[in-house]
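Peer 1: Take a look and give me a structure for this.
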Amino acid sequence: MSRVLIVGAGLTGSLCACLLRRELQNKVHIVVWDKAKGSGGRMSTSRPPDSSSHSADLGAQYITATAAYAQSHHSVYSELMAAGVLQPLDGLVEGLRQRDGSTDYMTPLGMSSVVKHFLSESADLFFERHVTGLYRRGASWEVQRKAGDSEMFDAVVLTMPVPQILQLQGDVGHMLSVEQKQQLDGVVYSSRFALALFFPPDVVFSFPWAARYVTNNRSICYIAADSRKRNADGPGRGPSLVVHTSVPFGVEHLEKDKEDVQPIILQELHKLLPDLPQPISIKCQKWRYSQVLTSVPDCPGHMTIHDRPLLVCGGDSFVHSNFDGCVESALSVLSVLKASL
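Peer 2: Below is the predicted model:
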């Protein structure tokens, strides 16, 4: 039985693990590692430390399916809809540019529920496993962790952001061709901060929208009444508000501690929503790698660094930065794994 390691418990990694299990069943032993304390990656759902009744999406906010992707990825969308993980987004989103034939979906249980759905049947999942190096050992890979120990695998899939792939110690850098190195160096990400404000159960927002795109503000580009957007308001549940900063703001403050940036965002927020009540808890997230602005050109959704033992990279950096880009990449990586294994 081949041991396959998938690094990264975001959408690409979780879907790839799920599909690999379904395709090869008991022929492979699938392991997923993530350096974070929970799954989701940029589709994470956060809770304050002092409450189980609050939650907020600090990364991806909703999923937009074009008519073409709704057809080509029909099985993925229909599965998530049937499981109750996805529902049509029917709340008012001010400033949303409508695209012909596109459908917007929200996640009633939060964005991380999409990733958890695929992980629930797919793999042995381990958190706080930070990969620092890969070393070829004959027909296997020795994968080293920050904790100092290592494990052996027959194939490795890397789905973390490209800069983190390039930082890996060991044999990865030597195996990249000149062209591959240039392509990876050319991947560009946006950076931003996100803020979640959690309120007492008796708070009712006075504005009518579920989300709003903000124009003419250098600091804030998007605000969402997150619980309203997900139809999650209910008895005993306090509402939550999510704020995303603009990319220029993210770049300007990227190297600062988020504790120092949070008051600046709150000050700008209160200019936009002066009647906002006092929250009971606030969480700030720095997204160094938010969205892919420039992906690897003309890429099929993956990059194979080494054939045997297999080392392949996937994620939205190798296609385009949205939900369907990650699905496309997972399907692409799956085809490479099946051919190799």
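Peer 1: contact partners of the helix or strand hosting Q180?
Peer 2: If you go by DSSP states H and E, Q180 is part of helix 178-185. For helix 178-185, contacts defined as C-beta atoms under 8 Å, 6 or more residues apart in numbering pick out V162, I165, L166, G173, L176, V296, P297, C299, M303, I305. C-beta coordinates here come from the backbone N, C-alpha and C atoms, glycine included.
Peer 1: at 6 Å instead, please
Peer 2: With contact meaning C-beta atoms under 6 Å, 6 or more residues apart in numbering, helix 178-185 is reached by V162, L166, V296.
Peer 1: Could you list every helix and strand that whichever strand or helix holds E268 packs against?
Peer 2: Element membership for E268 (DSSP H and E) is helix 258-272. Helices and strands touching helix 258-272, by 3 or more C-beta pairs under 6 Å, 6 or more residues apart in numbering; DSSP states H and E, are strand 281-287.
Peer 1: Next, the angle from the strand it packs on to helix 258-272.
Peer 2: Using axes from the mean of the first three to the mean of the last three C-alpha atoms, to 10 degrees, the inter-axis angle of strand 281-287 relative to helix 258-272 is 110 degrees.
Peer 1: Strand 281-287 pairs with which strands, and in what direction?
Peer 2: Its sheet considered, strand 281-287 pairs with strand 192-198 (antiparallel) by DSSP bridges.
Peer 1: Partner strands of the helix or strand just after the strand it pairs with, with direction?
Peer 2: Scanning forward in sequence from strand 192-198 by DSSP H and E, the next helix or strand is strand 211-213. Sheet pairing of strand 211-213 (DSSP bridges) gives strand 93-94 (parallel), strand 220-225 (antiparallel).
Peer 1: Name the surrounding residues that touch strand 211-213.
Peer 2: V93, E94, G95, Y222, I223, A224, K229.
Peer 1: and if you look at stretch 215-231?
Peer 2: Taking contacts as C-beta under 6 Å, 6+ apart, the residues outside stretch 215-231 that touch it are 56-57, 61, 91, 106, 108, 205, 210-214, 233, 239-240, 242-246, 249, 268.
Peer 1: Buried subset of those residues as a PyMOL selection?
Peer 2: Filtering those down to the buried ones (16 or more other C-beta atoms under 10 Å) takes a single PyMOL command:
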select buried, resi 56+57+61+91+106+205+210+211+212+214+233+239+240+242+243+244+245+246+249+268
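Peer 1: Neighbours of D154, how many?
Peer 2: Look at D154: counted by other C-beta atoms under 10 Å, it has 19 neighbours.
Peer 1: Also Q167?
Peer 2: For Q167, the tally of surrounding residues (other C-beta under 10 Å) stands at 13.
Peer 1: repeat for the one 4 residues further on
Peer 2: Burial of D171, expressed as a neighbour count using other C-beta under 10 Å, amounts to 18.
Peer 1: Tell me if I'm right that it and R136 touch.
Peer 2: Yes: between D171 and R136 there is a contact under C-beta atoms under 6 Å: 5.0 Å.
Peer 1: contacting residues around stretch 248-264?
Peer 2: Residues beyond stretch 248-264 that count as contacts (C-beta under 6 Å, 6+ apart) turn out to be S191, R192, F193, S219, C284, K286.
Peer 1: Kindly indicate which of those residues lies nearest D50.
Peer 2: The closest of the contacts of stretch 248-264 to D50 turns out to be C284 (C-beta to C-beta; 15.8 Å).
Peer 1: Now do the same contact list for the closest one.
Peer 2: L195, K258, Q262.
Peer 1: Walking through the stretch 51-200 of the chain, point out its strands one by one.
Peer 2: 56-57, 63-65, 87-88, 93-94, 103-106, 124-127, 131-137, 140-145, 150-153, 155-158, 169-170, 188-189, 192-198 (DSSP state E, counting those that start in this stretch).
Peer 1: how about JSON lines for the ones you listed, with distance to L276 and mean pLDDT added?
Peer 2: Shown next, in JSON lines, are those (distance: least, C-beta to C-beta, whole Å; pLDDT from 0 to 100):
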{"stretch": "strand 56-57", "distance to L276": "15", "mean pLDDT": "95"}
{"stretch": "strand 63-65", "distance to L276": "27", "mean pLDDT": "96"}
{"stretch": "strand 87-88", "distance to L276": "27", "mean pLDDT": "96"}
{"stretch": "strand 93-94", "distance to L276": "16", "mean pLDDT": "96"}
{"stretch": "strand 103-106", "distance to L276": "22", "mean pLDDT": "96"}
{"stretch": "strand 124-127", "distance to L276": "34", "mean pLDDT": "95"}
{"stretch": "strand 131-137", "distance to L276": "41", "mean pLDDT": "98"}
{"stretch": "strand 140-145", "distance to L276": "43", "mean pLDDT": "98"}
{"stretch": "strand 150-153", "distance to L276": "48", "mean pLDDT": "98"}
{"stretch": "strand 155-158", "distance to L276": "41", "mean pLDDT": "98"}
{"stretch": "strand 169-170", "distance to L276": "46", "mean pLDDT": "97"}
{"stretch": "strand 188-189", "distance to L276": "30", "mean pLDDT": "97"}
{"stretch": "strand 192-198", "distance to L276": "8", "mean pLDDT": "97"}
